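Asker: Generate a structure from the sequence data that follows.
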Amino acid sequence: MALNLEPGQFLSGWRPEAGTLFLPTLSEARVGDDVAVRIGIFGQTIRATLLGSIGLVRRVGRPSLPPGVELTLDKASIPAAIFLATASKGEKVSFRERAPRYVIARPIRAVRDGLEVATDTLNVSEGGCAVTWSGPLPMVGEVLGLKLGRSFLAPRARAVVCWNSLGGEVPRAAGLRIIGGGRAGRAWRALAVAASRTGAPTA
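Answerer: Sure, this is the predicted structure:
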């Protein structure tokens, strides 16, 4: 989902000590669902994608307790939430240098609703990738599988869709962030390291 919030709305919903963010919006999400939300602050040009799980759904509210959902943020999303809070207070913010993204085309298979979708990477980093997409675009917040290899026992990483593009000036594509660790997380990092060693340019 994507939201533009007034600075006061963001600050009133942000609980840094608990790592939670209340969003005054309703969706079909249920408690326990993993979601990604792209948040912008009115009056600011910055945007950030926050990942987490739904901890509370309030479908009926009142002026002091509006309807909406409470998001328990992943640890990796806490810095982005702090960044948005700083901007909401009108304080000066600086953009953090992101991990290198290596421009490299590599075939990869995404798994969506049990079906494999053939794609190619546009760029690869330790945290995720951008991939081409020819069919109906996955929605922001949707969780996909990524098959890392051709064998039946090849590891499968989980990735959440952080953005999508319908095409035009940029290719029809989706931006994916790898979630979780274990064997699949190690395999993805190895893929990113291999991309860095090819001498591919960075995006």
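Asker: Show me the shaky parts of the chain.
Answerer: By pLDDT under 70, the low-scoring segments of the chain are 61, 63, 93-99, 152, 167-170, 203.
Asker: Domains in it, by residue range?
Answerer: Domain segmentation of the chain under automatic domain parsing yields 2-88, 107-196.
Asker: okay, those in a markdown table with distance to Arg101 and mean neighbour count next?
Answerer: To be clear about C-beta, it is placed using only N, CA and C from the backbone, and glycine gets the same treatment. Output for the domains of the chain, formatted as a markdown table (distance: least, C-beta to C-beta, whole Å; neighbours: other C-beta atoms under 10 Å):
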| stretch | distance to Arg101 | mean neighbour count |
| --- | --- | --- |
| domain 2-88 | 15 | 16 |
| domain 107-196 | 4 | 16 |
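Asker: ranges for the strands of this protein?
Answerer: 2-5, 14-15, 20-23, 34-41, 47-58, 68-73, 107-112, 115-125, 128-132, 143-147, 156-165, 173-179 (DSSP state E).
Asker: Was I right to think Ala159 contacts Gly180?
Answerer: No. Judged on C-beta atoms under 8 Å, Ala159 makes no contact with Gly180 at a distance of 9.2 Å.
Asker: residues in contact with the nearest residue to Arg183 once chain neighbours are set aside?
Answerer: Ranked by C-beta to C-beta, 6 or more residues apart in numbering and with sequence neighbours excluded, the top spatial neighbour of Arg183 is Pro155, at 5.0 Å. By C-beta atoms under 8 Å, 6 or more residues apart in numbering, the contact list for Pro155 reads Leu148, Gly149, Arg183, Ala184, Ala187.
Asker: one more time with 10 Å, if that's ok
Answerer: By C-beta atoms under 10 Å, 6 or more residues apart in numbering, the contact list for Pro155 reads Leu146, Lys147, Leu148, Gly149, Gly182, Arg183, Ala184, Gly185, Arg186, Ala187, Trp188.
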